[in-house]
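Student: take a look and give me a structure for this.
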Amino acid sequence: MLINKEMDLEQEKELVERARNDAEAFGELYDRHYPKIFGYVLRRTASIEISQDVTSEVFLKALKNLGQFRWRGFPLSSWLYRIATNEITNYFRNNKHGQLCLEEDSNSISISNPSAETELLEAEAELKRQQDFLTLHENISKLPVKYQEVIMLRFFENKQIKEIGKILGKREGTVKSLLHRGLGNLRKLME
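Tutor: Below you'll find the model as predicted:
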């Protein structure tokens, strides 16, 4: 498995080099990374509209600055997450939002079984999951941004401590400390 990951990084490195002068190659990078970056931004903002705007800005900045990107053994996604984190911070700073915007999307309940009773149970379970997610999201949004960033990257984006450090420009020890304190504060909020 490690060999495949290294091959993927090597392939990505070649694609990044091509994308510096080739719009089609950048399009491949965009297609490959857009869903993850959009998902990260969506989990941080809980708003589809804001997420679309911020994610567009992330890729616009990536396109403009790809010539300055230096390969240091981390996937391109680390750089994109860092841009996304900065853009989220800028969005909330510029729009004077201290907390995340929460929206409930009642259209996202998926029903696969035609039985009315089963449909009702599935809809109730999905609504409960959405409510639990929104409660968790609301509590995470009450934390200082430095804790929000590490919690989201670690548990929602499944990033390793070392990569989180790279994304946020912090040492591994600092990331671990922020994660520990952030989770402690989150536990208190959830009680």
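
Student: in three-state terms, label the residue minimising distance to the centre of the chain for me.
Tutor: Among the residues of the chain, the one closest to the centroid is Tyr40, at 1.6 Å (C-alpha atoms, centre = their mean). Put simply, Tyr40 is helix when judged by DSSP: H, G, I helix; E, B strand; the rest coil.

Student: distance of the closest residue to it other than its chain neighbours relative to Gly27?
Tutor: In space, and not counting its chain neighbours, Tyr40 is closest to Glu157: 5.4 Å by C-beta to C-beta, 6 or more residues apart in numbering. Using the backbone N, CA and C atoms, a C-beta is placed for each residue, glycine as well. According to C-beta to C-beta, to the nearest Å, Glu157 and Gly27 sit 23 Å apart.

Student: what of Arg129?
Tutor: 34 Å.

Student: related to what we said a few turns ago, who has more neighbours out of Glu157 and Gly27?
Tutor: Using other C-beta atoms under 10 Å as the criterion, Glu157 and Gly27 rank with Glu157 on top: 19 against 11.

Student: got the phi/psi numbers for the more buried one?
Tutor: phi -110, psi 0 (degrees, to the nearest 10).

Student: pull the contacting residues for it.
Tutor: Glu157 makes contact with 36, 39-40, 81, according to C-beta atoms under 8 Å, 6 or more residues apart in numbering.

Student: give the other helices and strands that the helix or strand that contains Val150 contacts.
Tutor: Assigned by DSSP states H and E, Val150 belongs to helix 145-151. The contact analysis (3 or more C-beta pairs under 8 Å, 6 or more residues apart in numbering; DSSP states H and E) places helix 145-151 against helix 76-94, helix 116-142, helix 161-168, helix 172-190.

Student: just to revisit the earlier point, report the two of the contacts of Glu157 separated the most.
Tutor: Spanning the widest gap among those are Gly39 and Tyr81, at 11.0 Å by C-beta to C-beta.

Student: who has more neighbours, these two?
Tutor: Tyr81 (27 against 14).

Student: quick one: the more buried one from Thr135, how far?
Tutor: Taken as C-beta to C-beta, the span from Tyr81 to Thr135 is 25 Å.

Student: restrict the helix holding Val150 to CA atoms and write it as PDB.
Tutor: Presented in PDB, the C-alpha positions along helix 145-151 are these (Å, rounded to 0.1, in the frame of the first residue of the first chain):
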ATOM      1  CA  VAL A 145     -10.600  29.200  15.600                       C
ATOM      2  CA  LYS A 146      -7.300  27.600  16.400                       C
ATOM      3  CA  TYR A 147      -9.100  24.600  18.000                       C
ATOM      4  CA  GLN A 148     -11.800  24.400  15.200                       C
ATOM      5  CA  GLU A 149      -9.000  24.100  12.600                       C
ATOM      6  CA  VAL A 150      -7.200  21.200  14.300                       C
ATOM      7  CA  ILE A 151     -10.400  19.300  15.200                       C
END
